[in-house]
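1. take this sequence and fold it.
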Amino acid sequence: MADYVIAIDQGTTSSRAIIFDKKGSIVSTGQLEHEQILPKPGWVEHDANEIWRNVQEVVGQALSRATLTRHDIAAVGITNQRETAVVWDKNTGQPVYNAIVWQDTRTQDIVDRLAADGGVERFKQIVGLPLATYFSGTKIAWILENVPGAREKAEAGDLLFGTTDCWVLWNLTGGTDGGVHATDVTNASRTLFMDLETLQWRDDILEVFGVPRSMLPEIKSSSEVYGTVHGSSLLRETPVAGILGDQQAATFGQAAFTPGESKNTYGTGCFLIFNTGEEIVHSKNGLLTTLGYKLGDQPAHYALEGSIAVTGSLIQWLRDQLGIIGSAPEVEALAKSVDDNGGVYFVPAFSGLFAPYWRADARGAIVGMTRYVNKGHIARAALEATAFQTREVLDAVNADSGVNLAELKVDGGMTANSELMQFQADILGVDVVRPVVAETTALGAAYAAGLAVGFWSGLDDLSANWQEDARWTPQLDEAERDRQLRLWKKAVTKSMEWVDDDVR
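-> Below is the predicted model of the structure:
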């Protein structure tokens with residue numbers, strides 16, 4: 001009998017495979033980073049073929065490190081960077097262009113063109129999202145408009161689109177030899193094309209974007225058997241049975257199944273999701289309305305989401321672009337080398353400002369600099385930016401829900417940084433709680449797959465697995481909290497109105 005489930009976590013900076021047992025504990029992990037391709041300011045791309053090669057390799061790493069084979073694995077779950085768009089030729093299996101990453105801002109002209117008739121909220125009542133470069137719809141349109149021959153191939157029915165879950169699923173299940181072209185409702189809800197009520201593609205919106213429906217995958221639930229792994233793969237014949245976009249997967253992994261429950265994931269970006277149950281809630285405070293999950297034939301569950309573009313990737317930027325740290329974990333020691341931020345505030349609007357502002361004209365800004373400031377202050381300000389942005393999103397959630405959250409469940413790689421988590425509690429004024437298994441994104445995908453094949457019997461099994469690992473309680477007095485928030489908001493205003501006709 002198979003005693004484990006494997007999750008493929010195809011993220012923004014790396015791909016991982018994590019094997020879980022029935023208690024939701026990690027058995028083994030494989031991980032490889034992929035190249036961040038930055039051809040121009042504001043452009044962010046990935047090599048989709050490199051991602052697929054890495055996925056295959058990390059699966060092998062995870063299996064070998066646990067001395068397991070495919071016979072030990074009950075199901076495969078997939079979670080992924082949600083809005084990153086891959087367009088490929090279904091006959092050759094080759095992408096027609098690099099994957100355009102969710103952080104990429106090159107499509108602002110397309111956004112402006114579409115918003116000229118009805119504004120950025122033109123389709124928001126239907127799809128839950130404003131027109132923005134963030135979502136994959138404009139990225140597909142850009143490829144069709146700018147890659148030679150892409151439009152003609154798409155019109156002929158030869159091109160397929162998918163977010164990276166879809167790309168991995170298609171390749172896992174055979175690729176050009178009968179690969180399954182499907183995605184789940186959570187990823188579909190990030191395209192600008194899916195009707196929140198019907199959970200189907202909207203032909204009228206596709207027509208406005210100029211995207212042929214033949215390119216789009218079939219929309220499935222988050223927990224069902226989509227197909228089996230094909231060919232000579234180490235996981236051949238294993239059912240692929242769960243797909244959740246990364247932030248929804250983290251929410252599922254946190255066992256936040258009840259309306260009113262929430263989580264905040266600290267990864268490349270930072271994403272706070274608030275479960276609204278079977279009710280579609282439209283935000284009045286800059287949040288997104290999105291799908292939370294759908295299990296088989298059961299009703300869909302919805303959520304409000306606050307999306308922050310740059311958090312963990314800011315630390316990567318300090319490492320790779322500035323070189324002031326040699327590895328990401330070093331940022332905590334560097335930040336602790338100073339007592340405070342020295343008056344420095346770092347607004348990392350590298351892709352504009354996401355929730356709750358949605359300002360495409362913003363760009364990154366470091367303000368409050370004096371000669372007193374050193375690299376420790378810069379590192380501290382970079383960490384604090386994550387906490388400040390989360391506070392603003394949480395304020396929006398509280399305003400939309402009418403209920404102030406009593407504590408914040410957190411997960412993701414940055415939660416290992418105790419200095420950051422303490423400051424997060426300080427600036428929120430509520431407890432911050434981390435579970436034993438902080439890799440809740442992969443865990444959520446494993447849960448969805450395991451439920452579909454009966455590895456777990458229901459949500460109660462999953463809730464019973466959740467255990468608290470660490471808790472941070474606020475230590476900052478209210479006056480100092482208010483002062484720092486005031487300065488942060490002042491800094492945010494300095495990042496706005498930077499982009500104009502000759503600056504991108």
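2. and the strands in the stretch 101-250 of the chain, which stretches?
-> 159-162, 182-184, 218-220, 223-228, 239-245 (DSSP state E, counting those that start in this stretch).
3. so where's the stretch 351-500 of the chain uncertain?
-> Applying pLDDT under 70 to the stretch 351-500 of the chain picks out no residues at all.
4. where along it do the helices fall?
-> Ranges of helices in the stretch 351-500 of the chain, per DSSP state H, counting those that start in this stretch, are 375-401, 418-428, 440-452, 459-465, 478-495.
5. JSON lines for those helices, including distance to Ala333 and mean neighbour count?
-> The C-beta positions use only the backbone N, C-alpha and C, and glycine is treated the same way. Below are the helices of the stretch 351-500 of the chain laid out as JSON lines (distance: least, Cβ to Cβ, whole Å; neighbours: other Cβ atoms under 10 Å):
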{"stretch": "helix 375-401", "distance to Ala333": "9", "mean neighbour count": "23"}
{"stretch": "helix 418-428", "distance to Ala333": "9", "mean neighbour count": "22"}
{"stretch": "helix 440-452", "distance to Ala333": "26", "mean neighbour count": "31"}
{"stretch": "helix 459-465", "distance to Ala333": "33", "mean neighbour count": "16"}
{"stretch": "helix 478-495", "distance to Ala333": "22", "mean neighbour count": "15"}
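6. same list (those helices) but as CSV, adding distance to Gly231.
-> Shown next, in CSV, are those (distance: least, Cβ to Cβ, whole Å):
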stretch, distance to Gly231
helix 375-401, 42
helix 418-428, 43
helix 440-452, 20
helix 459-465, 32
helix 478-495, 49
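7. of all the ones you listed, which lies closest to Ala250?
-> helix 440-452 (4.5 Å; Cβ to Cβ).
8. surely Gly137 is in contact with Ala188?
-> No - Gly137 is not in contact with Ala188 according to Cβ atoms under 8 Å; the separation is 11.0 Å.
9. settle it for me: which of those two has more neighbours?
-> Gly137 (30 against 27; other Cβ atoms under 10 Å).
10. so what's that one up against?
-> Thr191, Leu192, Phe193, Ile205, Phe209, Val211 (Cβ atoms under 8 Å, 6 or more residues apart in numbering).
11. please repeat the previous calculation with a cut-off of 10 Å.
-> Gly137 makes contact with 83, 85, 107, 110-111, 114, 123, 127, 129, 131, 161, 190-194, 205-206, 208-209, 211, according to Cβ atoms under 10 Å, 6 or more residues apart in numbering.
12. same question for Leu295.
-> Leu295 touches 221-224, 242, 252, 257, 301, 447-448, 451-452, 458-459, counting by Cβ under 10 Å, 6+ apart.
13. same question for Asn275.
-> 251-252, 254, 256-263, 292-293, 301-304.
14. what's downstream of the helix or strand encompassing it, the next helix or strand?
-> For Asn275, the host element (DSSP states H and E) is strand 270-277. Next in sequence after strand 270-277, counting helices and strands by DSSP H and E, comes strand 288-293.
15. that next one pairs with which strands, parallel or anti?
-> Strand pairing for strand 288-293, determined by DSSP bridges: strand 301-308 (antiparallel).
16. picking up where we left off before, quick one: strands adjacent to the strand holding Asn275?
-> For strand 270-277, pairing defined by DSSP bridges yields strand 262-266 (antiparallel), strand 301-308 (antiparallel).
17. for those, which one sits closest to Asp184?
-> Nearest of those (Cβ to Cβ): strand 301-308, 12.5 Å.
18. could you tell me the angle between the closest one and helix 375-401?
-> 150 degrees (axes from the mean of the first three to the mean of the last three Cα atoms, to 10 degrees).
19. and strand 301-308, what's buried?
-> His301, Tyr302, Ala303, Leu304, Glu305, Gly306, Ser307, Ile308 (16 or more other Cβ atoms under 10 Å).
20. also stretch 330-350?
-> Residues 331-332, 334-335, 338, 341-342, 344-350 are the ones in stretch 330-350 that count as buried (16+ other Cβ under 10 Å).
21. and if you look at stretch 62-72?
-> Buried residues in stretch 62-72 (16+ other Cβ under 10 Å): Ala62, Leu63, Ala66, Leu68, Arg70, Asp72.
22. returning to that earlier point: quick one: least confident of the buried residues of strand 301-308?
-> Lowest in pLDDT among the buried residues of strand 301-308 is Ser307, which has 81.
23. quick check: bridge partners of that residue?
-> Phe271.
24. ok, it touching Tyr357?
-> No - with contact defined as Cβ atoms under 10 Å, Ser307 does not reach Tyr357; the gap is 11.0 Å.
25. any common contacting residues for the two?
-> Jointly contacting Ser307 and Tyr357 under the rule Cβ under 10 Å, 6+ apart are Gly286.
26. for stretch 177-196, the distance to its chain's centre please.
-> How far stretch 177-196 lies from its chain's middle: 15 Å, per Cα atoms, centre = their mean, to the nearest Å.
27. next, the distance between the ends of it.
-> Chord length of stretch 177-196, first to last residue, is 32 Å (Cα to Cα, to the nearest Å).
28. of the contacts of Asn275, select the buried ones using a ChimeraX command.
-> The following ChimeraX line selects those of those that are buried, judged by 16+ other Cβ under 10 Å:
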select :251,252,254,256,257,259,261,262,263,292,293,301,302,303,304
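29. number of nearby residues for the residue nearest to Gln422 when sequence neighbours are not counted?
-> Distances taken as Cβ to Cβ, 6 or more residues apart in numbering put Trp472 closest to Gln422, at 5.0 Å, once the chain neighbours are dropped. Here the count is done by other Cβ under 10 Å, and Trp472 has 22 residues near it.
30. report the inter-axis angle for the strand holding Asn275 versus strand 239-245.
-> Using the same axes, to 10 degrees: strand 270-277 against strand 239-245 is 110 degrees.
31. picking that back up, show me the one of the strands paired with strand 270-277 that comes nearest Gln321.
-> Using Cβ to Cβ, the strands paired with strand 270-277 put strand 301-308 closest to Gln321, at 19.2 Å.
32. done for today, thanks.
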